[in-house]
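J.: build the 3D model from these lines:
(2 chains)
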Amino acid sequence: MVPEDLAQELFASSRAQEFGLSLAGFTRALERASKGAVSEAAIRALRLEELALAQGCAAGNEHAWDVFLVRYREKLYDAARQVTREESSARELADSLYADLFGTRTQEGRRVSKLESYSGRGSLDGWLRTVLAQEWVNRFRKTKRLVSLEEQEEAGAQFAAAAPEVNAVMDPAVSAATDQALAELTAEDRYILAAYYLDERTLAQVARSLGVHESTVSRKVERLGKKLRKDILERLLRAGRSRRQAEEAMEVDVRDLAVDVRNQLKKQARGQGLPAPD
Amino acid sequence: MTEKPNTGLPKSALSRLRAQQGGGAPAGEHPDANLLAAFSEQALEAGEREQVLMHLGRCADCREIVALNLPAVEEKSFVEEKRGWLGLRPELMRWGIVGASAAVVVAAVLLVKPELESPRAIQNQVTIAKPTDRADQAVGEASGVAREAPKLTAGVADRATEKEAKKADEKRRDAASERGYPMAAPPPPPSALGVSGGSSGGVLGGVMSPKVEEGTGRAAGAAAANESKDMRTTPAVVAQSQPQANAPVPVFAEEDRMQASQAKTLAKQKVDEDRKMMAADSNTVAARATKSEVSGRRFQLAAATRTWRIAGGKLQWSGDGGASWTIASLPDGVKAMAVDAGVPGVVWVGAASGMVLRSADQGASWTPVKGLWRGDVVYLKFQDAVQGTLRTSNHEEWFSEDGGMVWKRR
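T.: Numbering: from 1, shown residues only, chains lettered A, B, ... in the order given. Predicted coordinates:
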């Protein structure tokens, strides 16, 4: 519950009235945005003017929309271009978001705008970019699936049985030791490893997403590699493996195992005069 | 995309990390746009940030959204990668380097074999081209006046009427007299300078260091002068490598005679000074060089002995074989991390945040070289004048086969 005097003070300083909000409406928006945050500092830290603008737009205030378009129209298209890296897709994506922001669906006879969900935690600009990125990732996944089906149909392989999964399993002891070592990492360390090694982001990108310097991430990546190697090795040694066995086991990638199994199957098939699997 | 080099992370860890993405372990509900936006802007409190990071560590989709949400920086560098020094297109730079190379070769031939020509010929080659500097020539050309004159001089006046020629001549005189310089012969066409590809070389000369520009100055011709409008020097004598028969004959207007006479006297004094310097110099190369070339060459010889290093995060050079070190001046905010001065006369510096600088005047001025590489440039080495290698803190390796103009990822 936002104290009344605080709500009044923030109402006055946020231009909420200019965007057509009442004190009660603004207070409700504050309560939604703060989501149970009781500290005054947390409420004051919200982007109040942008919150008032978003709520004003959601309520259909014309002046709020004028201000919104002046401030964010170009930014939105720029962000869409950055996300899609292609002009026509960018325009389509941005237009689609505009429709959602304006509110194309109704609930209980009331138009529902996506701007209602903006909480003021980050900037409205950043929120719009994030919403665009979410929409794009969702579309990409859908499109990828559709294209994949079409390609299969064109290739006449729509009825082909699914390729059998090659059952390549890591040594359980190595797997357990690795999982335990990974479980001891902090959330940030895990994020850095996933972003850098799995997503193949650059050090600069990872650093920017965390708000630190690139060299900090560089040092962390190096340190984490060494730490994980040492931890897993120690666990395997404790499990009775020799140092050499442990080191070799650590450097086995299941994908390499999969390739080996596939090659082995091919060899066997050739030996028996059967058609080799793909 | 190719997989990054595995620098220390065990493959088993990579496999398990991959297996634990998404379905492998419960990633929980996806954070909403407010949380992700606040995360990207570092606006979350520690507890919330930890929760978001925990999710991100296991959710590739949300990591993708965070990555897409980052402000665009790399697109800019993608565009810039296709540009060379000072933002010139590689095609121009290639022609520029070809022209400059031709100019250097011609200059080298002239410098190395002066004895093939008689002393009289050398004496004849030193003519007064113009008592003004190249920069003023460029000003004249820029105003459209000087462009007319070479046409007439070269006999390509079929389109220009006599009236136009007179008008152009008057304009040229006016422009010269306004600057207080006596009138001289119209600048010879580039072909008269005896060096092919002069204009291309001129472009390069304009973008490279002053020393290089001086070295190719004669070959650069009018284009180089055009590039260096702002450079003002005292009236100088330009030595040209052309036969006396083709030397431009000074044509002075009546009103300019006195000034021209003074300038001629001054020029003669300069010639005498230069001859004294040339005589003092045991190398006969100097017989053909202007004063600035001589002094520039001496500077180069002195500076060529410099040794470079990075110590305490500072770029330093030593002119006495390492007995004492001087901190080199770099542009603000540049943190040098690698230096290479293996190619005589060229110093390369790799710096933090992908910055690469090149100096052709022993560190007096630096030209940024841009590329697509990421991270700090921690290694930079030129095996020779054309082949160079660059490595970054991001484990990227780039190479160049054209003296550092175009870089490709290895």
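J.: got a list of what A:Leu46 touches?
T.: A:30, A:33-34, A:119-121 (CB atoms under 8 Å, 6 or more residues apart in numbering or on different chains). All C-beta atoms are positioned from the backbone trio N, CA, C, and that covers glycine.
J.: run through chain B and note the low-pLDDT ranges.
T.: B:1-7, B:22-28, B:71-93, B:113-305 (pLDDT under 70).
J.: and with 80 instead?
T.: Across chain B, the ranges flagged by pLDDT under 80 are B:1-8, B:22-29, B:70-96, B:111-305, B:312-313, B:344-345, B:370, B:394.
J.: in it, what residue lies closest to chain A?
T.: Proximity to chain A, evaluated over chain B using CB to the nearest CB, is greatest for B:Gly8 at 2.8 Å.
J.: helix, strand or coil: sort out that residue for me.
T.: coil (DSSP: H, G, I helix; E, B strand; the rest coil).
J.: that one contacts A:Arg229, doesn't it?
T.: Yes. Counting by CB atoms under 8 Å, A:Arg229 is a contact partner of B:Gly8 at 6.4 Å.
J.: quick one: which of those two has more around it?
T.: Set B:Gly8 next to A:Arg229 and count neighbours by other CB atoms under 10 Å in any protein chain shown: A:Arg229 wins out with 19 against 15.
J.: which residues touch the more buried one?
T.: A:250, B:8-10, B:13.
J.: looks to me like it is in a helix.
T.: Yes. Applying three-state DSSP, one finds A:Arg229 inside a helix.
J.: is chain B contacted by the helix or strand hosting A:Arg91?
T.: If you go by DSSP states H and E, A:Arg91 is part of helix A:87-102. No. Helix A:87-102 is not in contact with chain B by CB under 8 Å from any CB of the partner chain; minimum separation 11.1 Å.
J.: elements contacting that helix?
T.: helix A:62-84, helix A:124-154 (3 or more CB pairs under 8 Å, 6 or more residues apart in numbering or on different chains; DSSP states H and E).
J.: redo the contacts of A:Arg229 as JSON lines? Include distance to A:Leu46.
T.: Output for these, formatted as JSON lines (distance: CB to CB, whole Å):
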{"residue": "A:Met250", "distance to A:Leu46": "48"}
{"residue": "B:Gly8", "distance to A:Leu46": "42"}
{"residue": "B:Leu9", "distance to A:Leu46": "40"}
{"residue": "B:Pro10", "distance to A:Leu46": "44"}
{"residue": "B:Ala13", "distance to A:Leu46": "40"}
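J.: type out the ChimeraX command that picks the buried ones from the residues you listed.
T.: In ChimeraX syntax, the buried subset of the contacts of A:Arg229 is picked out as below (16 or more other CB atoms under 10 Å in any protein chain shown):
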select /A:250 /B:9,10,13
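J.: quick check, nearest of the contacts of A:Arg229 to B:Arg309?
T.: Taking CB to CB as the measure, B:Arg309 lies nearest B:Gly8 of the contacts of A:Arg229, at 28.7 Å.
J.: that closest one: what's it in contact with?
T.: Contacts of B:Gly8 (CB under 8 Å, 6+ apart): A:222, A:225-226, A:229.
J.: now do 6 Å
T.: With contacts taken as CB atoms under 6 Å, 6 or more residues apart in numbering or on different chains, B:Gly8 has the following neighbours: A:225-226.
J.: which parts of chain A are strands?
T.: Ranges of strands in chain A, per DSSP state E, are A:105-107, A:110-112.
J.: A:Leu124 reaches A:Glu49, doesn't it?
T.: No. With contacts counted by CB atoms under 6 Å, A:Leu124 stays clear of A:Glu49, the gap being 9.1 Å.
J.: so those two - more neighbours on which side?
T.: Neighbours of A:Leu124 and A:Glu49, each counted by other CB under 10 Å, are more numerous for A:Leu124; the result is 22 against 18.
J.: for chain B, what lies in contact range of chain A?
T.: Applying CB under 6 Å from any CB of the partner chain, we find that chain B lies next to chain A at B:1, B:8-16, B:18, B:33-34, B:36-38, B:40-43, B:50, B:53-54, B:56-57, B:61, B:63-66, B:68-70, B:72, B:374-375, B:393-394.
J.: which among those count as buried?
T.: Taking 16+ other CB under 10 Å as the criterion, what is buried in the residues of chain B next to chain A is B:9-16, B:18, B:33-34, B:36-38, B:40-41, B:43, B:53-54, B:56-57, B:61, B:63-66, B:68-70, B:374-375, B:393-394.
J.: now the closest residue to chain B within chain A: how far from B:Arg58?
T.: Closest residue of chain A to chain B, CB to the nearest CB: A:Gly225 (2.8 Å). Separation of A:Gly225 from B:Arg58 (CB to CB, to the nearest Å): 20 Å.
J.: and if you look at A:Leu182?
T.: 11 Å.
J.: start and end of stretch B:379-386, how far apart?
T.: 17 Å (CA to CA, to the nearest Å).
J.: actually stretch A:233-243, not the one I typed
T.: End-to-end for stretch A:233-243, by CA to CA: 8 Å.
J.: that stretch vs chain B: in contact?
T.: No. Shown here: stretch A:233-243 not in contact with chain B (CB under 6 Å from any CB), separated by at least 8.5 Å.
J.: ok so, going back, for A:Leu97, find the nearest of the helices and strands packed on helix A:87-102.
T.: helix A:124-154 (5.9 Å).
J.: what's the mean pLDDT across that closest one?
T.: On average, the pLDDT along helix A:124-154 is 75.
J.: stretch A:2-13 too?
T.: Mean per-residue pLDDT for stretch A:2-13: 84.
J.: what comes up buried for it?
T.: A:2, A:7, A:10-11.
J.: ok, stretch A:181-191 next?
T.: Buried residues in stretch A:181-191 (16+ other CB under 10 Å): A:181-182, A:185, A:187-191.
J.: out of the residues of chain B next to chain A, list just those in helices.
T.: Judged by DSSP state H, helices contain the following of the residues of chain B next to chain A: B:11-16, B:18, B:33-34, B:36-38, B:40, B:50, B:53-54, B:56, B:61, B:63-66, B:68.
J.: quick revisit: from the buried residues of stretch A:2-13, which is closest to B:Ala364?
T.: Relative to B:Ala364, the closest of the buried residues of stretch A:2-13 is A:Leu10; by CB to CB it sits at 57.4 Å.
J.: about what we covered before: tell me, which of the contacts of A:Leu46 make contact with chain B?
T.: Contacts with chain B within the contacts of A:Leu46, as defined by CB under 6 Å from any CB: A:119, A:121.
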